[in-house]
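Peer 1: would you be able to build a 3D model of this:
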Amino acid sequence: MEQERVNWTLDNVWEQVEPFFSEVLAHDTKRPRDKIEFMEIYSTIYKFICFNDVPQSYMYSFEEGLYYRLMDHARAFCIDTLRNGLSKSGEALLNYYNVSFEKYSFSSKVIANRAAFLEQNFIPCRESKLTTNEKPPGVHKLRTAFFLVWKATFLEMFKDKVVAECLDVIQRDRDGEKISINLLRGLTKCFVDLGSENTANPKQLYQDHFETAFLVATSEYYQAEFDSCLASSSMAEYMSKAESRLTEERDRVANYLEACTEQPLISMCVDLMLTRNIDKITAQFPRYLADVQIEHLGRMFRLTQRVSSEHTSGLSDALKEHIIPYGKDKVAGLGSSADGASYIATLVQCLTHFRKIVRDAFEDDVRFLTNMDKACKEFVNRNSVTEASATKSARTPELLAKSFDTHLKSSKESQEELERKFDDLIGVFRYLEDNDVFQRFYKKALAKRLIMGSSISEDIEAMVISKLKQICGVEWTRHLEKMYKDMATSKELANKFKSSNFSKAVSHDSIKSFNALVLCKGSWPLRLGHSITLPKDLAFHCETFASYYASRHNERVLTWVLDHSRGELKTNFTKDKKGNHVPYILSSSAHQMAVLLLFNCGSPLSLDNIVERLDGMDDKEYISNVISLLLKTKLIYEEDGMYKVQLKWRHKKVKLNINYPVKVGEDKVTAQVHNSIQEERRFVIQACIVRCMKTRNVMKHKDLILETIEQLKSRFQVISKDVNRQIGQLIEKEFIRRQEGHQDVYEYIA
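Peer 2: Model (predicted):
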């Protein structure tokens, strides 16, 4: 069916559509509209453009006229609407503007939809008539054009008043009054919507006409507030207020400002609140640290991070300068008579104290952790206790190893408490410079615990070794783990020996039980010590076990280490007050057993007699020490240079331990251990130098020293003088040589 043609002028069509457009712009809801009316408007514009009996040459001007009449109508509406709001003020003005813009925005959408055919036909036609040299036309899609009309009218008539009222509401928000967040959110959205035609930066209008004024007002507000706060409040209150205000401003952006405002807003607030007073803020750091005010320290840390990393690093340096004298003063407070337990407990207390501060106040920031580690390493290894010792920095690892030994031998604490205790001790271990000293003393104590069976728990021992492995690596704990493996192997071997024919051949009434531990010489820190002739029955057991072991491992040789052997003796001569036989069980060392069993002959013995009968024991002083310990038990006594058994000997305990260690001077033993450590270090340094030279073949003197120190720093502290001395030793041994013509360059000799 052919469409009916019309003969309309521009005035004819405007008379038909203008009432509808006016009612829509006015947002008139009194008269309901149906779909038919909406379609009639669309059809009218469609007929006017496509089925109008006018010359084609006039048609473009008709379309252009309708477009501009529509824009003029919108402009007149905007002027009237905004003029009506000029008499309002405060939130009433903002509400009026917000509601008016929302209605206008909706109305423009409806009109653009009904006049869509005008937009689709006129704008492409207009663009096709432009040459490449012409400027872009002042014609936009209808919805954009409606916004541009509102923007032009708003910026001319209403912008300053709306912005001023918005800033007033925001100030009341900062003063703590309750405001309408939705209202402000709607107003800032208006600014963004009005600039949406700027595709390069849709928020340019918002930034130019609102954000700039907002930042100026914010600057004036906070400058006055914080100048007053600085003059009348403490620094703690000042920092609390600054942190609170910064949080509020960030929330303010999230609630009713645009995201692009956050960076300049927070930056400006940081400058006003913090940067200009940062020296006064950080000046309080030492006092807060001394008073352990975690809350204030944490707030200062967070605030200085906002200013610059330089100021935060300055705080971490100040922490380091505080820790070193604090730790040294705590140790010095123990006095010259302090024992190892109180010394290690003081170190643990200091480390725990500062770990808590760094964790709770400084959020384990890497700069604070690094400086804390440096400071703790300084006072742990160099303090009044280490300076008073001949071994200097090696004193701390020695006492720490002894503290481990004490807790691993006897403790009434639960497993959880023990784990916390050992975590604290491991914390001290992390700061040791001479790990090899700790390793030597710990290894020696572990060997004694395993042999004597005095460890509180194998699981706890394994846990400690596991923690040490995590810090120092597998190689460092290899011997410790091998010691445990030897103990397990020895138990298995003892069980097999007891079920063998060898064991049946040595069954004697005088020896009820025999057990031997087979330990690897390279892993255990045991010295052969003092050799003696064992009692006949016991010697036969040892020989039989050696034969059994040789039958299983024919290329291995057993060496008996009697200094670490022990046993139990039963007295057959003791009686109670009524004359009844009362046997006592005496737990003793192998040397004590050998001496006591000599008295089975029933005759008094002199020291020379005892030494003579203990064939192989040529250390008369050592035997004298063993006898002096037995004298303390009153089991034997001395009379006219002869030693006799106290036949009337009694004790309140039926089973007692007389295995007291023979005192050879603790200082002497410790000195021997340290001397062996120094000797071992000499070979370790030489091995490291050879390893470096073998890898590089040619190295300068300075580079070789630095490389050696770097590789060995995890084991012990090395100074260049020690490296120089060992370089000279290696030159004499012809492992390396000086390069001809270059005295500071070394070559490796293959």
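Peer 1: so Asn659 sits against Ser587, correct?
Peer 2: Yes: contact criterion CB atoms under 8 Å: Asn659 and Ser587 qualify, at 5.5 Å. C-betas here are computed from N, CA, C, even on glycine.
Peer 1: which residues do these two both contact?
Peer 2: Contact criterion CB atoms under 8 Å, 6 or more residues apart in numbering; residues shared by Asn659 and Ser587: Arg566.
Peer 1: how much space between Ala318 and Arg382?
Peer 2: 21 Å (CB to CB, to the nearest Å).
Peer 1: and those two? Which one has more around it.
Peer 2: Set side by side, Ala318 and Arg382 show more neighbours around Arg382, with 18 against 15, by other CB atoms under 10 Å.
Peer 1: give me the spatial nearest neighbour of that one, chain neighbours excluded.
Peer 2: Distances taken as CB to CB, 6 or more residues apart in numbering place Ser393 nearest to Arg382, at 6.3 Å, with adjacent residues excluded.
Peer 1: quick one: contacts for the one you found?
Peer 2: The contact partners of Ser393, taken as CB under 8 Å, 6+ apart, are Asn381, Arg382, Thr386, Glu433, Asp434, Gln717.
Peer 1: picking up where we left off before, higher neighbour count, Asn659 and Ser587?
Peer 2: More crowded of Asn659 and Ser587, by other CB under 10 Å: Asn659, with 18 against 14.
Peer 1: make sure that one is indeed in a strand.
Peer 2: No: with DSSP: H, G, I helix; E, B strand; the rest coil as the criterion, Asn659 is located in coil rather than a strand.
Peer 1: phi and psi next, for it.
Peer 2: Dihedral pair for Asn659: phi -80, psi 60, per degrees, to the nearest 10.
Peer 1: the bottom helix or strand of this protein by mean pLDDT?
Peer 2: helix 116-128 (a mean of 59; mean pLDDT, DSSP states H and E).
Peer 1: after that one, next one along is what?
Peer 2: The element immediately downstream of helix 116-128 (helix or strand, assigned by DSSP states H and E) is helix 142-157.
Peer 1: quick one: mean pLDDT over that next one.
Peer 2: Mean pLDDT, computed over helix 142-157, is 80.
Peer 1: Lys241 in helix, strand or coil?
Peer 2: Applying three-state DSSP: Lys241 is helix.
Peer 1: Phe285 versus that one, what's the distance?
Peer 2: In this view, Lys241 and Phe285 are 18 Å apart by CB to CB.
Peer 1: these two: who's more crowded?
Peer 2: Legend: neighbour count by other CB under 10 Å for Lys241 and Phe285, higher for Phe285 (19 against 16).
Peer 1: would you confirm that that one contacts Ala318?
Peer 2: Yes: here Phe285 reaches Ala318: they are 5.4 Å apart, a contact under CB under 8 Å.
Peer 1: before we move on, back to that, tabulate the contacts of Ser393 in CSV, adding columns for distance to Leu630.
Peer 2: As requested, the contacts of Ser393 are exported to CSV (distance: CB to CB, whole Å):
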residue, distance to Leu630
Asn381, 43
Arg382, 44
Thr386, 39
Glu433, 43
Asp434, 39
Gln717, 45
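Peer 1: got a list of what the residue lying closest to Glu243 once chain neighbours are set aside touches?
Peer 2: Here the nearest residue to Glu243 in space, its sequence neighbours aside, is Arg299; by CB to CB, 6+ apart that works out to 5.7 Å. Arg299 is in contact with Ala236, Met239, Ser240, Glu243, counting by CB under 8 Å, 6+ apart.
Peer 1: just those now: which is nearest Lys721?
Peer 2: Nearest to Lys721 among these: Met239, at 49.6 Å, using CB to CB.
Peer 1: so for that closest one, what's the pLDDT?
Peer 2: What the model reports as pLDDT for Met239 is 96.
Peer 1: could you do Leu274 as well?
Peer 2: If you check Leu274, the pLDDT there is 94.
Peer 1: any idea how far it is from Glu237?
Peer 2: Distance from Leu274 to Glu237, by CB to CB: 15 Å.
Peer 1: next one: Val745
Peer 2: Separation of Val745 from Glu237 (CB to CB) stands at 65 Å.
Peer 1: so for these two, which sits in the more crowded spot?
Peer 2: Taking neighbours as other CB under 10 Å, Val745 and Glu237 compare with Val745 leading, 15 against 12.
Peer 1: isn't there a helix covering the more buried one?
Peer 2: No: applying three-state DSSP, one finds Val745 to be strand, outside a helix.
Peer 1: that one touches Lys700, doesn't it?
Peer 2: Yes: Val745 is within contact range of Lys700, at 5.5 Å (criterion: CB under 8 Å).
Peer 1: so which strand or helix has His731?
Peer 2: For the record, residue 731 is Ile, not His. Secondary structure assignment for Ile731, by DSSP H and E: helix 720-732.
Peer 1: I'd like to know which elements that helix is packed against.
Peer 2: In this structure, helix 720-732 makes packing contacts with helix 666-696, helix 701-712, strand 736-739, judged by 3 or more CB pairs under 8 Å, 6 or more residues apart in numbering; DSSP states H and E.
Peer 1: give me that answer again for 7 Å
Peer 2: Where contact means 3 or more CB pairs under 7 Å, 6 or more residues apart in numbering; DSSP states H and E, helix 720-732 is packed against helix 666-696, helix 701-712.
Peer 1: tell me which residues are up against it.
Peer 2: Contacts to helix 720-732, defined as CB atoms under 7 Å, 6 or more residues apart in numbering, come from residues Arg682, Ile685, Gln686, Ile689, Val690, Ile705, Thr708, Ile709, Ile736, Arg737.
Peer 1: same check, this time on stretch 395-412
Peer 2: Here stretch 395-412 has contacts from 340-341, 343-344, 380-381, 385-386, 389, 418, 421, 425, 428-429, 432, 434, 437-438, 441-442, 445, 449, 454-456, 460-461, 464, 670, using CB under 7 Å, 6+ apart.
Peer 1: give me the buried subset of those residues.
Peer 2: Buried residues within the contacts of stretch 395-412, counting neighbours by 16 or more other CB atoms under 10 Å: 340, 343-344, 380-381, 385-386, 418, 421, 425, 428-429, 432, 434, 437-438, 441-442, 445, 449, 455-456, 460-461, 464, 670.
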